[in-house]
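Q: I'll drop the sequence and a predicted model, then ask my questions.
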Amino acid sequence: MAPAGPGPVSQRGDIGDIIGDSGASPVSLCGSIGAGPGPVSHPGDHQRPSGAVRAGPALPAHTREPLPEPMSARLYNGMKSIDLPGKSAGLSEQITKEQFVIFMSNLLKGNADEKISIIMRMIAKTGGPLKGKQIQEFTEDLITSVVHVLSYRKELKGWSLENTRDSSSGVKALASELLSELKLPDGTKPAGSQLLETNFDRSVIEDWVYRVPQISVFLSVVIRQGLHVLHSLPDQTNDILNLVPHCKGIKGRGVVSLFDIPAIIYINSHLPAEMQHKWQLLFSSRLHGESFSQLCAHVVNKGPCIVIVRDLDGFLFGGFASHSWEVKPQFQGDNRCFLFSVFPTLAVYTYTGYNDHYMYLNHGQQTMPNGLGMGGQHGYFGLWIDSDYGKGHSKAKPRCTTYNSPQLSAKEDFTLDAMEVWAVGDTPESAGKKGKKSILDVDPQAQALLEMAGKSRQSEGLREPMEEDEDDDDEN
């Protein structure tokens, strides 16, 4: 009689893929995990349930350090939930090779039923039904682990925990946004304290994981980078490869971005696929000064951009411009543009189809509004930065007509505290040419006057050196 094996895993032919590149045997990896973490702990938890597995020195460094203990415990619970045909679970705390292989295969390559069974046990050892608070804690642990392991493995591609805003509020904001997609069978979406106390059954969790791809992507990152298994295989999807974009233009400049790592991951996932691989800093009010002319000089004709601003109340919000900014009195862009909020809530607001007022940039005219705007209409933008730099508004009663966004700032008319603009994707060839900037680049008012007169730009006068595209920013 053949020994009991992984069963469905071997039928998919995944065993060699799963264990071939880990650098350690599944038994040593998971045997150590089995001897290690106890139950998931959260702030305020002081008592360990009786019979729980205590953390011990056997937990290897490559698991203990890349992954926070709560996630190690969740992985352990997921592996222990695998029932092996013909084998009793027994009293052993160790993870068997078969459990490890089935866990990896089901979680990374399994069907919905196989994947959800494990995720349910990772959320709570007892499985379902699950309270919203348990799902919230799991989601926050998962996002925390992704940020932690990418930092530990030096996979943040030029970003770091030092050159971005603190990620702790970003973790909660992203978890809250993902949880907002939990939908009961009758179609309602509980929110706030109601969500935390609501019971969700297996079918709801399965639907949620299916509709929120970040959960599966984050779990894959935790497995691949946390356990250092499968991390170098070519089957990684673009969701994983472009999870974090390469960061350019910030190294050595003493700038701490207005973005946090979870927000970068979330906003980047909403960009067109061909623009997700790189962000390059074009403008920072702390580097280039608080000047609308300077803003225009650094963002005009530089390709698609992300604008983020912080008002004096600490609210963070912005928009994605799908086309190069041009100084002209007409709306521009297309339906790939969107507005977003980063703090106090994280959310993306896409076009409604109501109008095509995607993006607007004007300067130096008397008859049309001068400033940078996205969505809505003149005098009533979803996001507006006035040419009288420092003033802005976000008007949406009840919602911005173009993007269905709410008021993004703390006050309808706000005072600007800081601003950044990031080029996304590859820089347009016209912007990538080295050389000097024309006086017309620095003075959009002169450019606008020429365009109004129907004259093309002739000046190739004094140009200032463009900032280098720092190839070594990726070294954390």
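A: Okay, I see it.
Q: How many residues are close by Met368?
A: For Met368, the number of neighbouring residues by other C-beta atoms under 10 Å comes to 14. From N, CA and C alone the C-beta is placed, and that goes for glycine too.
Q: give me the number of residues near Phe292?
A: Neighbours around Phe292, by other C-beta under 10 Å: 19.
Q: State the distance from it to Trp422.
A: Counting by C-beta to C-beta, to the nearest Å, the separation of Phe292 from Trp422 is 18 Å.
Q: Phi first, then psi, for Phe292.
A: phi -70, psi -30 (degrees, to the nearest 10).
Q: Can you give me the pLDDT of it?
A: Predicted confidence (pLDDT) for Phe292: 93.
Q: now do Met368
A: Reported pLDDT for Met368: 88.
Q: ok, now how distant is the residue nearest to it when sequence neighbours are not counted from Gly373?
A: Nearest non-adjacent residue to Met368, counting by C-beta to C-beta, 6 or more residues apart in numbering: Pro329, 4.2 Å away. Taking C-beta to C-beta as the criterion, Pro329 is separated from Gly373 by 12 Å.
Q: And the two? Which one has more around it.
A: More crowded of Pro329 and Gly373, by other C-beta under 10 Å: Gly373, with 26 against 16.
Q: for the more buried one, helix, strand, or coil?
A: At Gly373 the chain is in strand, as set by DSSP: H, G, I helix; E, B strand; the rest coil.
Q: just the one 10 residues further on next, same as before
A: The three-state assignment at Leu383 reads strand, by three-state DSSP.
Q: measure it to Leu219 for me?
A: For Leu383, the distance to Leu219 - C-beta to C-beta - is 34 Å.
Q: same thing with His323?
A: For His323 relative to Leu219 (C-beta to C-beta), the value is 35 Å.
Q: Who has more neighbours out of those two?
A: Each of His323 and Leu219 has its neighbours counted (other C-beta under 10 Å); Leu219 has more, 25 against 15.
Q: Wait, a strand at the residue nearest to Met368?
A: Yes - per three-state DSSP, Pro329 lies within a strand segment.
Q: for this protein, longest strand please?
A: strand 413-424 (DSSP state E).
Q: chain center to that one, what's the gap?
A: Computed by C-alpha atoms, centre = their mean, to the nearest Å, the chain-centroid distance of strand 413-424 equals 19 Å.
Q: same thing with stretch 201-215?
A: 18 Å.
Q: do stretch 244-263 as well
A: Taking mean C-alpha positions (C-alpha atoms, centre = their mean), stretch 244-263 and its chain are 13 Å apart.
Q: Kindly report the same for stretch 278-297.
A: Distance, centroid of stretch 278-297 to centroid of chain: 23 Å (C-alpha atoms, centre = their mean).
Q: which parts of that stretch are buried?
A: 278-285, 287-288, 292-297 (16 or more other C-beta atoms under 10 Å).
Q: Show only the entries of those residues found in strands.
A: Lys278, Trp279, Gln280, Leu281, Leu282, Phe283, Ser284.
Q: Kindly reformat those as JSON lines containing distance to Ile261.
A: Formatted as JSON lines, those follow (distance: C-beta to C-beta, whole Å):
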{"residue": "Lys278", "distance to Ile261": "16"}
{"residue": "Trp279", "distance to Ile261": "12"}
{"residue": "Gln280", "distance to Ile261": "17"}
{"residue": "Leu281", "distance to Ile261": "16"}
{"residue": "Leu282", "distance to Ile261": "20"}
{"residue": "Phe283", "distance to Ile261": "21"}
{"residue": "Ser284", "distance to Ile261": "18"}
